[in-house]
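Q: I'd like to go over a predicted model; first the sequence, then the structure.
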Amino acid sequence: MKNERVYIIGGYQTDFARNWAKERKHIAAMMREAYQGSIEATDIYPGDIKAAFIGNFAGELYCMQGHLGAFFADFDPRFVGLPTMRFEAACAAGAIAALSAMAHIQAGIHDLICVIGVELMKTADSAKGGNYLGTAAWYEKECFGIEYPFPKLFGKLGDEYDKRYGLDNKYLARIAEINYANAKNNPNAQTRDWFMNFEHACVKGKYNSVISGRIKVTDCSQITDGAVCLYLASEDYAAKYAKQMGLPLEKVPRIIGWGHTTAPIEFAKKIADSANCEYVLPMTRKAITDAYSRAGVKDCWDLDVIETHDCFTTSEYMAIDHFGLTKPGESFKAIEQGVIEPRGKLPINPSGGLIGCGHPVGATGVRQLLDAYKQITGTAGDYQVPGAKTVAMLNIGGSATTNVCFIAGIDD
């Protein structure tokens, strides 16, 4: 490989509280704003961009638009003729776009790639949108004719924890409370002005209705419109960029480890396969440990921050033990001890995560990687974790079918 090191140059996130459908703006407008904001944020010369990779789950369903990569050619006359690609892996589409960009850079094909994650979701009501999201699972077997299938699938994840290890729902409520509180410090978070406390997250009723079983509204990430743009670069380009910006190269964050696995698409098959395993989702665990191995990270305590895929509180509960903060089935201990809080031993989702920040499906993985960059460069503002130098992110698609873990850091 020409360049084994892949650097993160920075980027831009749209405000996830916006409703682009009400603004009567096309999905391409979201992409354009993210791109233009990224140029202002990074001072990258547009002519240096050699390709654009787009992460998107369901543009054809939510806004009757596919072929999203082609819109990039409209953003600047210099982009006509550039190679563009669109990547889909359900909720992991953004991470897969970034992973593919990384591979192209390592192969010496391109020195600088623009990665955009985007989803326009507020075109559909919750029932229709829930049906669209069902296509991220085995639709015919798991979702056809079922209202809100994904809350039910991730409710089953909590049920499996309860069956194997026991699970008190108060810990799920605490996860929700923490992520909503973190989101209040994030100027781009969808729920930054929403009310939330522990008592509200625990109660069932008019203002916190039950979706399915143990899953209430406060346990769910919200339908979100959003786009995120960031840049991945070769070492050669990063060195030139660092010199231009007056920075030593070792201060530019890079991807130091990654893991990518695919489990069976059907949730029941995942659970059956893990019956004799201590981890409920072993393929998710493998993506994390593969990233640890490639990064030379001994365990989670070598990390400073985790941005994880809390599409539901149960998925964050799973991530706590799968990252290794506790033994399998003991995630509640990290919650009780305050380990995951912003000033805890290992903060999780200081951005607010998917529950607090929002979950525009195809954009989430790119947003997580951008937040890793912000933490490492000390530019996360009011949700900055002091001294953060090594950050992991986990982006999962479907019911933990596609699993992508990145670890970003800087050279000491």
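A: It's in. Residues are numbered from 1 along each chain as shown.
Q: quick one: low-confidence parts of this structure?
A: Filtered on pLDDT under 70, the chain yields the residue ranges 1-3.
Q: return the backbone torsion pair for the residue at the greatest distance from the centre of the chain.
A: Most distant from the centre of the chain: residue 77, at 31.1 Å, with distances by Cα atoms, centre = their mean. The phi and psi values for residue 77, taken as degrees, to the nearest 10, are phi -60, psi -30.
Q: enumerate every residue touching it.
A: Residues counted as contacts of residue 77 (Cβ atoms under 8 Å, 6 or more residues apart in numbering): none. Bear in mind the C-beta positions are built from the backbone N, C-alpha and C, glycine included.
Q: okay, it and residue 335: tell me how far apart.
A: Distance, residue 77 to residue 335, by Cβ to Cβ, to the nearest Å: 52 Å.
Q: now residue 384
A: 22 Å.
Q: out of the two, which sits in the busier spot?
A: Per other Cβ atoms under 10 Å, whichever of residue 384 and residue 335 has more neighbours is residue 335, with 25 against 17.
Q: does that one sit in a helix, a strand or a coil?
A: Recorded secondary structure, residue 335: helix (DSSP: H, G, I helix; E, B strand; the rest coil).
Q: strands along the stretch 101-250 of the chain, start to end?
A: Along the stretch 101-250 of the chain, counting by DSSP state E, counting those that start in this stretch, strands occupy 112-119, 210-212, 215-216, 226-234.
Q: redo the ones you listed as a markdown table? Include distance to residue 178 and mean neighbour count.
A: Output for the strands of the stretch 101-250 of the chain, formatted as a markdown table (distance: least, Cβ to Cβ, whole Å; neighbours: other Cβ atoms under 10 Å):
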| stretch | distance to residue 178 | mean neighbour count |
| --- | --- | --- |
| strand 112-119 | 24 | 30 |
| strand 210-212 | 20 | 18 |
| strand 215-216 | 16 | 25 |
| strand 226-234 | 21 | 29 |
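Q: nearest to residue 347, of those?
A: Closest to residue 347 of the strands of the stretch 101-250 of the chain, according to Cβ to Cβ: strand 226-234, at 20.6 Å.
Q: pull up the pairing partners for the closest one, direction included.
A: On the basis of DSSP bridges, the sheet neighbours of strand 226-234 come out as strand 6-13 (antiparallel), strand 112-119 (antiparallel).
Q: got CSV for those, with distance to residue 330 too?
A: Formatted as CSV, those follow (distance: least, Cβ to Cβ, whole Å):
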stretch, distance to residue 330
strand 6-13, 33
strand 112-119, 33
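Q: residue 24 is nearest to which of the ones you listed?
A: Between residue 24 and these, the tightest spacing by Cβ to Cβ is seen for strand 112-119, at 17.1 Å.
Q: and that closest one, C-alpha only, in PDB?
A: The C-alpha trace of strand 112-119 is given here as PDB (Å, rounded to 0.1, in the frame of the first residue of the first chain):
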ATOM      1  CA  LEU A 112      -8.100  13.500  -0.500                       C
ATOM      2  CA  ILE A 113     -11.600  12.200  -0.400                       C
ATOM      3  CA  CYS A 114     -14.800  14.100   0.600                       C
ATOM      4  CA  VAL A 115     -17.100  11.900   2.700                       C
ATOM      5  CA  ILE A 116     -20.700  13.000   3.100                       C
ATOM      6  CA  GLY A 117     -23.300  11.300   5.200                       C
ATOM      7  CA  VAL A 118     -26.900  12.400   4.600                       C
ATOM      8  CA  GLU A 119     -30.500  11.500   5.300                       C
END
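Q: could I get the full set of helices for the stretch 251-400 of the chain?
A: Using DSSP state H, counting those that start in this stretch, the helices found in the stretch 251-400 of the chain span residues 267-273, 282-295, 313-322, 331-336, 353-357, 364-377.
Q: same check on the stretch 101-250 of the chain?
A: Shown for the stretch 101-250 of the chain, the helices assigned by DSSP H, counting those that start in this stretch span residues 126-133, 149-164, 169-183, 198-202, 235-245.
Q: show residues contacting the longest one.
A: Right, the one you point to is helix 149-164. So helix 149-164 is contacted by 130-131, 133-134, 136-137, 142-143, 146, 167, 169, 172, 211-215, 219-220, 267, 271, 280-281, 311-312, 314-315, 317-318, 329, 399-400 (Cβ under 8 Å, 6+ apart).
Q: again with the third one
A: Taking Cβ under 8 Å, 6+ apart as the criterion, the residues outside helix 169-183 that touch it are 158, 189-192, 194, 196-198, 201-202, 214, 218-219, 310, 313-314, 316-317, 331-332, 335-336, 340-342, 348-353, 355-357, 383.
Q: go with 7 Å
A: Contacting residues not belonging to helix 169-183 are listed as 189, 191-192, 194, 196-198, 201-202, 214, 218-219, 310, 313-314, 316-317, 332, 335, 340-342, 349-353, 355-357, 383 [Cβ atoms under 7 Å, 6 or more residues apart in numbering].
Q: could I get the strands of the stretch 101-250 of the chain as TSV with distance to residue 259?
A: Shown next, in TSV, are the strands of the stretch 101-250 of the chain (distance: least, Cβ to Cβ, whole Å):
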stretch	distance to residue 259
strand 112-119	18
strand 210-212	30
strand 215-216	27
strand 226-234	17
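Q: any idea which of those gets closest to residue 44?
A: Closest of the strands of the stretch 101-250 of the chain to residue 44 is strand 226-234, at 6.2 Å (criterion: Cβ to Cβ).
Q: distance of the closest residue to residue 319 other than its chain neighbours from residue 365?
A: Leaving aside its sequence neighbours, residue 319 sits nearest to residue 308 (Cβ to Cβ, 6 or more residues apart in numbering; 4.2 Å). Residue 308 sits at a distance of 11 Å from residue 365 (criterion: Cβ to Cβ).
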